[in-house]
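Participant: Following is a predicted model, sequence given first.
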Amino acid sequence: MALIRRGIHFGSYGSVDDGAAVFGRLAAAARAAEESGFDAISVPDHVHQNQVGGGPASPMFEAYTLLGALAAVTSSATLFALVSPVTMRAPGLLAKAVTTLDVVSGGRAVLGVGAGWDVAEHEAYGIGFPGLGERFDRLDEELAICRAMFTGEPATFTGKFYAVRDAYNAPRPVRGSVPVLVAGGGEKRTLDLVARYGDACNVFAGDPDSVRRKFDVLAGHCDRIGRDPAEITKTVFAFDTSDLAALAASARSLAAAGADGMIIVGPEDPAAIAPVGAVLADAFPG
């Protein structure tokens, strides 16, 4: 069973800081998404809004506080950050945050992680941002620690960058563990991490041939370690939902290329959520 079939990502909270009304609008949109058949809701794990979403002066919530609040106003959708950069939190604290979300949501949390990219927000907040190779090395260790904390009691791990010793994680995840989504389509390192740690991946929704190639590379990584690639939910990430006919055609072609689901960026107009949901329900039923 696919972990995610129809996901919606609320990547921007608008450009106006009008206090509690910002969350009110998001909560209404999240409820509308759930009512429209979306089975997963994600938010950014950033401290500044990027330029596409309005720039750093625009509203941006802390991800796990926000997801906990969304857990209280939704009832069925999977909840996750798309995605938590490896640089943002110590791995043990990340595991604790996601486990807390899992418990308060009744077992609906997913851990979404990636290597990170937004150097500007790191500089603004005084957060270190090492080179790409080191970020991937850190991500490997972070995933090992999170897996250990989700499933072991207590967890102990020592690596080059991180270590935990006799780390308890109580209360425990509702389902015994928390599923992991690794985002990105890098064929050498990202998809290798998906094969070794992931329950799901998320790649950009390019043309069907390029998406099929990503999934074939993932299958190769799985074969190397003796894992069945069918265990991993394969999703694609789409930005433009303005043309429903084009979205429907793209979704169908990507499903034929091996995608189990699609995550779309939520439309600015809340009234457009239901029609987009109907398109995805047709392409990715279940």
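Facilitator: Okay, I see it.

Participant: which residues touch the residue lying closest to residue 114 once chain neighbours are set aside?
Facilitator: Leaving aside its chain neighbours, residue 114 sits nearest to residue 83 (4.1 Å; criterion: C-beta to C-beta, 6 or more residues apart in numbering). Using the backbone N, CA and C atoms, a C-beta is placed for each residue, glycine as well. Contact partners of residue 83, counting by C-beta atoms under 8 Å, 6 or more residues apart in numbering, are 45, 112, 113, 114, 181, 182, 183, 202.

Participant: Kindly report the same for residue 31.
Facilitator: Taking C-beta under 8 Å, 6+ apart as the definition of contact, the neighbours of residue 31 are 73, 74.

Participant: I'd guessed residue 209 sits against residue 257; true?
Facilitator: Yes. Under the contact definition of C-beta atoms under 8 Å, residue 209 touches residue 257, with a separation of 7.5 Å.

Participant: Name the residues that touch the host helix or strand of residue 123?
Facilitator: With the criterion set as DSSP states H and E, the secondary-structure element containing residue 123 is helix 119-125. The set of residues external to helix 119-125 that reach it, using C-beta under 8 Å, 6+ apart, is 46, 47, 48, 56, 87, 116, 127, 128, 129.

Participant: Output stretch 94-103 as CSV, nothing but the C-alphas.
Facilitator: This file holds the C-alpha atoms of stretch 94-103, laid out as CSV (Å, rounded to 0.1, in the frame of the first residue of the first chain):
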residue,chain,number,x,y,z
LEU,A,94,14.5,15.8,15.0
ALA,A,95,13.5,12.2,15.9
LYS,A,96,11.9,13.5,19.0
ALA,A,97,9.9,16.2,17.2
VAL,A,98,8.6,13.8,14.5
THR,A,99,7.7,11.1,17.1
THR,A,100,5.8,13.8,19.1
LEU,A,101,3.9,14.7,15.9
ASP,A,102,3.2,11.0,15.3
VAL,A,103,1.7,10.6,18.8
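
Participant: Out of the contacts of residue 83, which sit inside strands?
Facilitator: Under the assignment DSSP state E, the contacts of residue 83 contribute 112, 113, 114, 181, 182, 183, 202 to strands.

Participant: Take these and lay them out in TSV including neighbour count, pLDDT and distance to residue 167.
Facilitator: TSV is the format used below for these (neighbours: other C-beta atoms under 10 Å; pLDDT from 0 to 100; distance: C-beta to C-beta, whole Å):
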residue	neighbour count	pLDDT	distance to residue 167
112	23	98	21
113	29	98	18
114	23	98	23
181	29	98	22
182	27	98	22
183	24	97	25
202	29	98	28
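
Participant: Distance to residue 105 added to those residues, as TSV?
Facilitator: Compiled in TSV, the ones in strands among the contacts of residue 83 are given as follows (distance: C-beta to C-beta, whole Å):
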residue	distance to residue 105
112	14
113	18
114	22
181	16
182	21
183	20
202	20
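
Participant: Show me the helices in this protein, by range?
Facilitator: 20-35, 63-73, 91-104, 119-125, 132-151, 190-197, 208-225, 244-256, 273-283 (DSSP state H).

Participant: Name the nearest of the contacts of residue 83 relative to residue 37.
Facilitator: Distance to residue 37, by C-beta to C-beta, is smallest for residue 202 among those, at 19.0 Å.

Participant: mind listing what the one residue sitting closest to the centre of the chain touches?
Facilitator: Central residue of the chain (C-alpha atoms, centre = their mean): residue 82, 3.1 Å from the mean position. Residue 82 sits next to 9, 42, 43, 44, 45, 112, 181, 183, 202, 237, 263 when contact means C-beta under 8 Å, 6+ apart.
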